[in-house]
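Peer 1: Okay, here's the prediction I keep looking at, along with the sequence it came from:
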Amino acid sequence: MKRGGPKYDDARRRELAGAFAAGGEHYERVRPGYPPEAAEWIVPEGARSAVDLGAGTGKFTELLVARGLEVTAVDPSEDMLAQLGGRLPGVRCVVAPAEHTGLPDGSADVVVAAQAWHWFDTEAATREAARLLRPGGRVGLVWNQLDTSVPWVHRLSRIMHAGDVHKPDYHPPSGPELVGWEPLVIPWHDSVTPEGLVELTKSRSYYLRASEKHRRKVEENLAWYLFEHLGHSPGEVLALPYIAQAWRATEAPL
């Protein structure tokens, strides 16, 4: 089931996802983390191991490590995983797509995907996530979304081309192998400067795949909006409102 999310055909999805093959250092530096409450809610009691699909530079992985889990991070980008391994040396890193990890059946008590599930082939990723679960395990999906209910953030998201901001009725797509979906919404704020917002924009798939002409236009529009229209000063620390959206599910009974 899928409601209210971005609409990509398979070719476009692969093209946009490919933008993240490199640029791990920049992604790690400018992208926000996640509120710890998301991991607390997703991880089942007594869990000891986790697989993080599309782990990237480990923004969510670190929350799993902080909870004492033995974590395997999976991502097709060696560059992203190099950043993760440098920060979290105890995490096993596997260069592989989420749909075919090569890990054994029943590898984890919890399988997660943070800011990544929309880049996967839904049916194949669902089967793989369910295959990796141990009995009684749980799958968790997480997204950070700009809180576009705040007027200035809504306009910012349009300028940034943040097209993956979910509509209120969004539900992550899933194959039949996962059931019992439950949602959680966590409002939070990230501290960022106007310059940091420009760098954040440069880490998004639209900007990474855009022409130089379109990139310049985005940067010019951001500079006008942040400094002239909103009147912020260079280096000023802003509270950027986010909503962390999380879902959890279990494997369907045989």
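Peer 2: Done, it's in.
Peer 1: Low-confidence ranges, the stretch 151-254 of the chain, go.
Peer 2: For the stretch 151-254 of the chain, applying pLDDT under 70 flags the ranges 163-164.
Peer 1: All the strands of it, in order from the start?
Peer 2: 178-192, 238-251 (DSSP state E, counting those that start in this stretch).
Peer 1: what angle separates the shortest one from strand 178-192?
Peer 2: Pointing back at strand 238-251 there. 170 degrees (axes from the mean of the first three to the mean of the last three CA atoms, to 10 degrees).
Peer 1: Can you list the strands that strand 238-251 pairs with?
Peer 2: With DSSP bridges as the test, strand 238-251 is paired with strand 133-146 (antiparallel), strand 178-192 (antiparallel).
Peer 1: Of all these, which one comes closest to Leu88?
Peer 2: strand 133-146 (17.4 Å; CB to CB). Heads up, the C-betas are built off the backbone N, CA and C, glycines and all.
Peer 1: quick one on the thing from earlier: adding mean neighbour count and distance to Val142, write the strands of the stretch 151-254 of the chain out as TSV.
Peer 2: Formatted as TSV, these follow (neighbours: other CB atoms under 10 Å; distance: least, CB to CB, whole Å):
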stretch	mean neighbour count	distance to Val142
strand 178-192	14	9
strand 238-251	19	5
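Peer 1: Could you dump the ones you listed into a markdown table with distance to His229 added?
Peer 2: Below are the strands of the stretch 151-254 of the chain laid out as a markdown table (distance: least, CB to CB, whole Å):
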| stretch | distance to His229 |
| --- | --- |
| strand 178-192 | 17 |
| strand 238-251 | 14 |
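Peer 1: May I have stretch 77-96 exported as PDB, CA atoms only?
Peer 2: C-alpha atoms of stretch 77-96 as PDB (Å, rounded to 0.1, in the frame of the first residue of the first chain):
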ATOM      1  CA  SER A  77      27.900   3.100  -2.000                       C
ATOM      2  CA  GLU A  78      31.400   2.400  -0.800                       C
ATOM      3  CA  ASP A  79      32.000   6.100  -0.400                       C
ATOM      4  CA  MET A  80      29.000   6.400   2.000                       C
ATOM      5  CA  LEU A  81      30.100   3.300   4.000                       C
ATOM      6  CA  ALA A  82      33.600   4.600   4.300                       C
ATOM      7  CA  GLN A  83      32.200   7.600   6.200                       C
ATOM      8  CA  LEU A  84      30.200   5.300   8.400                       C
ATOM      9  CA  GLY A  85      33.100   2.900   9.100                       C
ATOM     10  CA  GLY A  86      35.300   5.800  10.100                       C
ATOM     11  CA  ARG A  87      32.800   7.000  12.700                       C
ATOM     12  CA  LEU A  88      31.500   3.700  13.800                       C
ATOM     13  CA  PRO A  89      34.300   1.200  13.600                       C
ATOM     14  CA  GLY A  90      32.400  -1.600  15.400                       C
ATOM     15  CA  VAL A  91      29.800  -1.800  12.600                       C
ATOM     16  CA  ARG A  92      30.100  -4.400   9.900                       C
ATOM     17  CA  CYS A  93      29.700  -2.700   6.500                       C
ATOM     18  CA  VAL A  94      28.400  -4.600   3.500                       C
ATOM     19  CA  VAL A  95      28.400  -3.000   0.000                       C
ATOM     20  CA  ALA A  96      25.200  -4.300  -1.500                       C
END
